[in-house]
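Participant: Fold the following.
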Amino acid sequence: MKTISFTDEKTWLEFRRGKITGTRLKDVVLKRTKKPKIGFYEIIAESVAIPVNENMMLRGKELEEFAIKEFAKKTKKEVSNELVIWQREDNEKIAISPDGVISKTEAVEVKCLGHARHIEALLTQTIPNEYHYQVLQYFVVNDDLEKLYFVFYDPQVTKDLFWIEVTREELGDEIKECLELEVETLKKIDEITNKLTF
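Facilitator: The predicted structure is shown next:
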């Protein structure tokens, strides 16, 4: 066993990057599954991501806008990122705010996730489950939408920008089922609202 001493916490924290420590062991070790846990991707991220620099701390809208510009440049598609909301014509309470609009048939959603989540999505080529309904909503709201580009961007990872294409065809009946559920849920909400206000 080796013992390494540190004079300050910043250096100590930096040294821990890319290593399995006691704190993160539970997020790395696989017992019953072959699917890697998030700690696996965190360690990869710490090994390939550029350390945080204050000059690189673009956040929120700026990061999203940059991702859309880079996506447009790489795909040679014209993408509008004006602040808009799409609503269903037959039910204005069913809506979505697209990050980017290419046309009635193509749109862009951008996620600037943490390093580990970014790398997990890159290596698995899978959109995280927590965004599944957001993806569905694009197709539920816009009956003309054929393709959604789900763009991932992390400026501190070497493979900083990539996207996963989702088509109406691959979602199939799930779109219709989701729309029916939303309509049903909104009816219940309206019934309760009417009871409480009259």
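
Participant: Pull out the buried residues from the lengthiest helix in the chain.
Facilitator: Ordering each helix of the chain by length in residues (DSSP state H) puts helix 173-197 first. Using 16 or more other CB atoms under 10 Å as the test for burial, helix 173-197 gives I175, C178, L179, E182. All C-beta spots, glycine's among them, are computed from the backbone N, C-alpha and C.

Participant: If you drop the residues flanking it in sequence, what lies closest to the first one?
Facilitator: Among residues not flanking I175 along the chain, F139 sits closest, at 4.6 Å (CB to CB, 6 or more residues apart in numbering).

Participant: isn't the one you found right next to E169, touching?
Facilitator: No. Contact between F139 and E169 fails when scored by CB atoms under 8 Å: they sit 10.3 Å apart.

Participant: These two - which one has more neighbours?
Facilitator: Taking other CB atoms under 10 Å, F139 and E169 do not tie; F139 has more neighbours (24 against 8).

Participant: who's in contact with the helix or strand containing the more buried one?
Facilitator: In this assignment (DSSP states H and E), F139 forms part of helix 132-141. With contact meaning CB atoms under 8 Å, 6 or more residues apart in numbering, helix 132-141 is reached by 86-88, 94-96, 98, 107, 109, 127, 145, 148, 150, 166, 168, 171, 174-175, 178-179, 182.

Participant: Out of those residues, which sit inside helices?
Facilitator: Among the contacts of helix 132-141, DSSP H puts R168, L171, E174, I175, C178, L179, E182 in helices.

Participant: State the helix or strand in which T7 lies.
Facilitator: Assigned by DSSP H and E, T7 belongs to no helix or strand.

Participant: which residues touch the residue positioned nearest the centre of the chain?
Facilitator: Per CA atoms, centre = their mean, the C-alpha nearest to the average position across the chain is that of K111, at 3.7 Å. Applying CB under 8 Å, 6+ apart to K111 gives the contacts Y131, F150, V151, F152, Y153.

Participant: Now for this structure, the helix or strand with the poorest mean pLDDT.
Facilitator: Every helix and strand of the chain was ranked by mean pLDDT, DSSP states H and E. The lowest is helix 38-48, at a mean of 72.

Participant: Just after it, pick out the following helix or strand.
Facilitator: According to DSSP H and E, the helix or strand after helix 38-48 is helix 60-75.

Participant: which parts of that following helix are buried?
Facilitator: Buried residues in helix 60-75 (16+ other CB under 10 Å): L63, E64, F66, A67, I68, F71, A72.

Participant: who does it touch, helix- and strand-wise?
Facilitator: Judged by 3 or more CB pairs under 8 Å, 6 or more residues apart in numbering; DSSP states H and E, helix 60-75 is in contact with strand 100-103, strand 106-111, strand 147-153, strand 161-167.
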